[in-house]
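Participant: A structural model of the following input is requested.
(chains A and B)
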Amino acid sequence: MKIVNVRRISQVFFFALFLWFCIVATVGERFWQIRNWPVNWFLQLDPLVAFGTILSTQTLYWPLLWALVTIALTIVLGRIFCGWVCPFGAIHQFIGYLGSRKKKVVEKIRLNKYRKAQSIKYLVLVFLLAMAAFPSWASTLATGLLDPIPLVTRSFTLVLLPILDSGAHLTSVANRYYEFSWLIFAVFATAVLLNLVIPRFYCRFICPLGAFLGIISRFSIWRIGKTKSECISCKMCEKACEGGCEPGGNIKIAVCLLCLNCREDCRHDLIAYQAQPSLAGETQADISRRGFVLSLASGVLAVPAVRLSGKVTSNWHSQVIRPPGALAEPEFLKRCLKCGQCMRICPTNVIQPGGIEGGLENLWTPVLNNRIGSSGCQLNCVACGQICPTAAIRPITLDEKTGQGDFAGQGPIKLGTAFVDQGRCLPWSMDKPCIVCQENCPVSPKAIYTEDVFSTVRNGIIAVKKVKDKTIEVDGGIEAGKLGTGDYFVLFEDGNRSKIVSNTDSFIEISESKQDVKKIEIQVRLQRPVVDIEKCIGCGICEHECPVSGKRAIRVSAEGETRSNDRRLLLR
Amino acid sequence: MTEPNQLNPARRQLLIRGAKAAASIAAAAGIASWLSDREGPGRGQKTEDRGQLPDFSAPRKDGQVLSIVAGQDRVKTVAKAIELLGGIERFIKPGDIVILKPNVGFASPPLLGATTHPDLIATVAKLCYQAKAKKVIVIDNPINDPASCFAISGIGKAATAAGAQVVMPKDNQFNPVTLKDGSLIKDWPVFYEPLAGATKLIGIAPVKIHHRSAASMTMKNWYGLLGGRRNIFHQDINGIITELAIMVKPTFVILDGTTSMMTNGPTGGSVSDLKKTNTMIAGTDMVAADSFGCSLLDLKLADLPYLSLAEKAGAGTVDYESLKPVRAEVA
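Facilitator: Below you'll find the model as predicted:
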């Protein structure tokens, strides 16, 4: 079999595997659901994830040791990850192929020539790594914004999958919503469409992972090269060159993606994958010193500049509610890849890709929106922390989440605190019984209790015409049937109350007989919800269930979250 | 045997590349395993004991625990009050580094009595230097903007004129402190750094009505050593004042009742909020000083639960008369 066909099979295989992992990142016990599928495998293979978190945390979370495989392969073989494994690369290659299929050979050669601008990706890499490393007390892991593996992961799981599965619902019970995913889609679509301008545009000019692998491929044992220095310069070898590395001349080793098309296309068999340098010469990564210094300096300044907003410190946004087990914000931002795995796995869909209201660094990080999804953050679920590839959300146990067993002394993990908006709450301001929030509070004892009051209804003070046994006759004007719901009472002048059993326009039947009544008050019994902040864990189930469906009458905000000491609400 | 220089160039190249590749893979693997973290990050925010504040207290002398001086002129009354305790030399030794902790809480002029009067700072600083203190430092972590507070209260200027140094709170001067057996001050940032380098501490507070704690005097004045979002402690104001009185062990305290803020405290804002009460108190027992201060505000001891709580915790004596306070009057 031709080697390029082996490569194509490899690309299709890894792309299919990637798709499979996207699909099976679904909570459940069927074979096509999460079980033990290694759904983070591509993220773990990604050395930029490993290296970025090493720079930001000075540690390597051990599942990321997989990156060593990619690094070793690259050192021995070159950028085989880009040309043979990367699912995003496979998409680019396929779209680029479609885009230039009908083009003339001369045009193809022109499109695939080496361009100076291909070294921009090194500047992107240096910029992002500088942000991850400096300053060490306030750095941020921004590599995930452009790192192809997190990028393609969130594009598939937060955009394409929810759209494609909106009919069949194989990967979720109901439609999935992701609040800020239009921008994820825009970035993905732009990257893909740019292949129509220049094939593998993203890989050649932007990809920071490609830049990283390009740099470490300088030691590779086997490389593409020419076996003779002279040839007729037909340039057929550049016709389908994926990397734009000019294999016919002085080959740019760092941008060669090992597509091996040149070897296939050379009609004189002058190109080989060999352990000797190309006889036409080879060049390593083209990073200018000035460019390096400039992007390093901008990367070092970028995070402090963004943090001038105060969004990580005193000006933090109360709606940035992180999933259970999330680290305190500065440590969280050092680890979060924005890969979207927590949002994908979350069975209730409450975890959302954040926007920039919580600061630029909040973009696509996991934020809870209790209005979206099936049910706030479920009490007995820790899926997000179990899937998080970098432990930005720690893999907590149920015991730790609920503060039981070994964690009884520390209490439960709180995501925030629910606040009743009394002006919008039905029993607080509208004289309507409700307390759906109290009913659904999953904490035991409940974090929502009620203050019970009798409130006189509008126009509820009524003169009595006649009383006979359990029937009170008034002048009329009462809405028939309204008061017999069990929530309404008659208050007598002597201070006693009697439950209303039924009513017509001018007769009210009560539960016990009464005499000598001149005036009554119609009252409704209300249970007004009150939050016990010592018990509330901020799960947001109350907010999700609140019948005031637009702006909820009980809402969670992040005050009181256990992950940060300075957002405490309680003394002890 | 083939000599190395007779290796064919291709083999030679392969060996060189192989060696480089092996070395870089080994380096990457070495770094990775060195940094490898099996546990993952912890829950964090563990409460731990990170050092207590130094004990600045002076040895107790019966009959010289509390002095109460009547008079209108702060400069004279404070000097007299200290003299009655045994003189400044009882407290300040040559070479001492002395911290003065006035109440600089608000950006409010001296006339309005919301802050410690600058004359007191000047006088006490001079007395310390007379006793050959090496350095006098004035600190507070005010509620309003620190620079404005020190400027408008006149305390900054008075301190500098007397040769004292003003240290305004910076983030890196706060250290988390956990009070042993405390339930509120746990891993809480305290304006620690200036205190850690000092040998003596004098608290100087005005007498003010305070809606949450009934009165703000020498004990409540230590609130100004707390950092962070300390306002959550208002949920248990008596508890926090008690813990502050346990945590902070001053050399002595001065309570300035020359005027007392009777209404609209603790900010005041009008001279009509003040009453001339013409009394200066000094003492090594701040519970006693504040207990006496209640009388200036026409409050009962029971109105200030923190007094008895602090007494129970061993921070001082509510029944100040039992300490036989020394009294005097200065014209």
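Participant: Please enumerate the strands of the stretch 151-300 of chain B.
Facilitator: B:165-167, B:174-177, B:188-191, B:200-210, B:214-216, B:252-261, B:274-283 (DSSP state E, counting those that start in this stretch).
Participant: As CSV, those strands with mean pLDDT and distance to chain A would be great.
Facilitator: Heads up, the C-betas are built off the backbone N, CA and C, glycines and all. Converted to CSV, the strands of the stretch 151-300 of chain B look like this (pLDDT from 0 to 100; distance: least, C-beta to the nearest C-beta, whole Å):
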stretch, mean pLDDT, distance to chain A
strand B:165-167, 97, 22
strand B:174-177, 90, 9
strand B:188-191, 93, 9
strand B:200-210, 97, 19
strand B:214-216, 95, 19
strand B:252-261, 97, 26
strand B:274-283, 97, 30
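Participant: Out of these, which gets nearest to A:Phe134?
Facilitator: Counting by C-beta to C-beta, A:Phe134 lies closest to strand B:174-177 out of these; the figure is 24.2 Å.
Participant: export the strands of the stretch 151-300 of chain B to CSV and tack on mean neighbour count and distance to B:Lys157?
Facilitator: As requested, the strands of the stretch 151-300 of chain B are exported to CSV (neighbours: other C-beta atoms under 10 Å in any protein chain shown; distance: least, C-beta to C-beta, whole Å):
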stretch, mean neighbour count, distance to B:Lys157
strand B:165-167, 18, 9
strand B:174-177, 20, 26
strand B:188-191, 24, 21
strand B:200-210, 26, 16
strand B:214-216, 24, 24
strand B:252-261, 27, 18
strand B:274-283, 23, 22
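Participant: for these, which one sits closest to B:Arg229?
Facilitator: Using C-beta to C-beta, the strands of the stretch 151-300 of chain B put strand B:188-191 closest to B:Arg229, at 9.6 Å.
Participant: Quick one: residues in contact with that closest one.
Facilitator: Applying C-beta atoms under 8 Å, 6 or more residues apart in numbering or on different chains, the external contacts of strand B:188-191 come out as B:53, B:139, B:141, B:169, B:173-178, B:224-228, B:230, B:247.
Participant: how's the chain carved up into domains?
Facilitator: Just going to use chain A. Domain segmentation of chain A under automatic domain parsing yields A:3-283, A:450-530.
Participant: To clarify, I was referring to chain B.
Facilitator: According to automatic domain parsing, the ranges for chain B are B:4-35, B:66-329.
Participant: Among the ones you listed, show the one with the smallest mean pLDDT.
Facilitator: Mean pLDDT is lowest for domain B:4-35 out of the domains of chain B, coming in at a mean of 84.
Participant: Can that one be said to contact chain A?
Facilitator: Yes. On the criterion C-beta under 8 Å from any C-beta of the partner chain, domain B:4-35 is in touch with chain A at B:9-10, B:13-14, B:17-18, B:20-21, B:24-25, B:28-29, B:31-33, B:35.
Participant: still on that earlier bit, filter the contacts of strand B:188-191 to the buried ones?
Facilitator: By neighbour count, with 16 or more other C-beta atoms under 10 Å in any protein chain shown, those hold B:53, B:139, B:141, B:169, B:173-178, B:224-228, B:230, B:247 as buried.
Participant: in stretch B:138-157, what counts as buried?
Facilitator: Of the residues in stretch B:138-157, B:138-144, B:146, B:149-150, B:152-156 count as buried by neighbour count, 16+ other C-beta under 10 Å.
Participant: quick one, what contacts the residue most central in space within chain B?
Facilitator: Central residue of chain B (C-alpha atoms, centre = their mean): B:Leu225, 3.1 Å from the mean position. Contacts for B:Leu225 (C-beta under 8 Å, 6+ apart) come out as B:101, B:141, B:190-191, B:195, B:244, B:248.
Participant: where does chain B come near chain A, residue by residue?
Facilitator: B:9-10, B:13-14, B:17-18, B:20-21, B:24-25, B:28-29, B:31-33, B:35-38, B:40-45, B:183-184, B:187, B:228-229, B:232-233, B:235-236, B:239.
Participant: Take the residues you listed and keep only those in helices.
Facilitator: B:9-10, B:13-14, B:17-18, B:20-21, B:24-25, B:28-29, B:31-33, B:35, B:239 (DSSP state H).
Participant: Filter these down to the buried ones.
Facilitator: When those are checked against 16+ other C-beta under 10 Å, the ones flagged as buried are B:13-14, B:17, B:21, B:24-25, B:28, B:32, B:35, B:239.
Participant: Going by distance to A:Pro208, which of these wins?
Facilitator: Comparing these against A:Pro208 with C-beta to C-beta picks out B:Ala28 as the nearest, at 18.0 Å.
Participant: Please verify my assumption that the closest one contacts A:Leu68.
Facilitator: Yes. Checked against C-beta atoms under 8 Å, the pair B:Ala28 and A:Leu68 is within contact range at 6.2 Å.
Participant: Next, A:Phe18: secondary structure please.
Facilitator: Classification of A:Phe18 by DSSP: H, G, I helix; E, B strand; the rest coil places it in helix.
Participant: On the pLDDT front, check the residue nearest to it when sequence neighbours are not counted for me.
Facilitator: The shortest distance from A:Phe18 to any non-neighbouring residue, by C-beta to C-beta, 6 or more residues apart in numbering or on different chains, is to A:Pro87 (3.9 Å). Here the pLDDT value assigned to A:Pro87 is 97.
Participant: Can you check the pLDDT for residue 331?
Facilitator: Because you didn't say which chain, this covers chain A. Here the pLDDT value assigned to A:Glu331 is 93.
Participant: Correction: the question concerned chain B.
Facilitator: At B:Ala331, pLDDT is 80.
Participant: How about it, nearest residue that isn't a chain neighbour?
Facilitator: Closest residue to B:Ala331 apart from its sequence neighbours, by C-beta to C-beta, 6+ apart: B:Gly71 at 6.9 Å.
Participant: and if you look at B:Ala162?
Facilitator: Closest to B:Ala162 by C-beta to C-beta, 6+ apart is B:Ala125, at 3.8 Å.
Participant: Could you give the separation of the helix or strand encompassing the one you found from the chain centroid?
Facilitator: Using DSSP states H and E, B:Ala125 sits within helix B:118-130. Remark: helix B:118-130 is offset 19 Å from the chain centroid, using C-alpha atoms, centre = their mean, to the nearest Å.
Participant: got the buried residues for that helix?
Facilitator: Under 16+ other C-beta under 10 Å, the buried positions of helix B:118-130 are B:118-129.
Participant: next one: stretch B:226-243
Facilitator: Buried, per 16+ other C-beta under 10 Å, within stretch B:226-243: B:226-228, B:230, B:233, B:237-243.
Participant: who touches that stretch?
Facilitator: Contacts for stretch B:226-243 (C-beta under 8 Å, 6+ apart): A:566, A:568-571, B:141, B:169, B:174, B:179, B:182-185, B:188-191, B:212-213, B:219-220, B:222-223, B:244, B:305-306, B:309-310, B:313, B:315.
Participant: Kindly report the same for stretch A:479-493.
Facilitator: Stretch A:479-493 is contacted from outside by A:433, A:454, A:456-457, A:472, A:497-505, A:508-510, A:514, A:517-525, using C-beta under 8 Å, 6+ apart.
Participant: What average pLDDT does that stretch get?
Facilitator: Computed over stretch A:479-493, the average pLDDT equals 93.
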